[in-house]
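**Q** need coordinates for the below:
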Amino acid sequence: MQEVTSGGTLGKGVDDLAQKDQVMRPTGKALETMKKILRSRFITTAHVMFGREVENLTEIEIYKTIAATAKQSISDNWIKTNRQYAERQEKQIYYFSIEFLLGRLLKSNLINL
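**A** Below is the predicted model of the structure:
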């Protein structure tokens, strides 16, 4: 088993993440701006996916809209990250946890993003 230490073989990004003590969270005006953007994306996604106003969506449609909106929010960084991994030929570690796969935990998982 490989030990991950500063300057290890798993890449600078992993080492940097291991050294951070806390997650940076937006506050104040930045948080309000992010809320407005997320709300707008949610409404637009609902219109595109189902052709209806948010108030008229079923619970399943709301769930699908939340999932699609969350995916849109992370996809740009996801693409950029994968491109950097490919360019640098860095190794990746995949970790799956059942707690992130349960639908009823979607709310808390979105809050923790």
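
**Q** going by C-alpha atoms from here, please, whenever you check contacts or count neighbours.
**A** Noted.

**Q** number of residues surrounding Ile79?
**A** Ile79 has 11 neighbours, counted by other CA atoms under 10 Å.

**Q** next helix or strand past the longest helix that the chain contains?
**A** When the chain is parsed with DSSP state H, its longest helix is helix 59-88. Counting by DSSP states H and E, the next helix or strand C-terminal to helix 59-88 is helix 106-111.

**Q** what mean pLDDT does that next one have?
**A** Mean per-residue pLDDT for helix 106-111: 72.

**Q** same check on stretch 61-68?
**A** Stretch 61-68 carries an average pLDDT of 95.

**Q** for that stretch, which positions count as buried?
**A** Residues of stretch 61-68 classed as buried by neighbour count (16 or more other CA atoms under 10 Å): 62, 65-68.

**Q** pipe the residues you listed into TSV and attach distance to Thr27 per row.
**A** As requested, those are exported to TSV (distance: CA to CA, whole Å):
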residue	distance to Thr27
Ile62	27
Thr65	25
Ile66	22
Ala67	24
Ala68	25
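
**Q** quick check: the farthest pair among those residues?
**A** Farthest-apart pair in the buried residues of stretch 61-68 is Ile62 and Ala68; separation 9.8 Å (CA to CA).

**Q** if we can go back for a sec, what helices or strands is the longest helix of the chain leaning on?
**A** For helix 59-88, the packing partners by 3 or more CA pairs under 8 Å, 6 or more residues apart in numbering; DSSP states H and E come out as helix 28-50.

**Q** looking at the buried residues of stretch 61-68, which is nearest Glu87?
**A** Among the buried residues of stretch 61-68, Ala68 lies closest to Glu87 (CA to CA), at 28.0 Å.

**Q** list the contacts for the closest one?
**A** For Ala68, the contact set (CA atoms under 8 Å, 6 or more residues apart in numbering) comprises Thr45.
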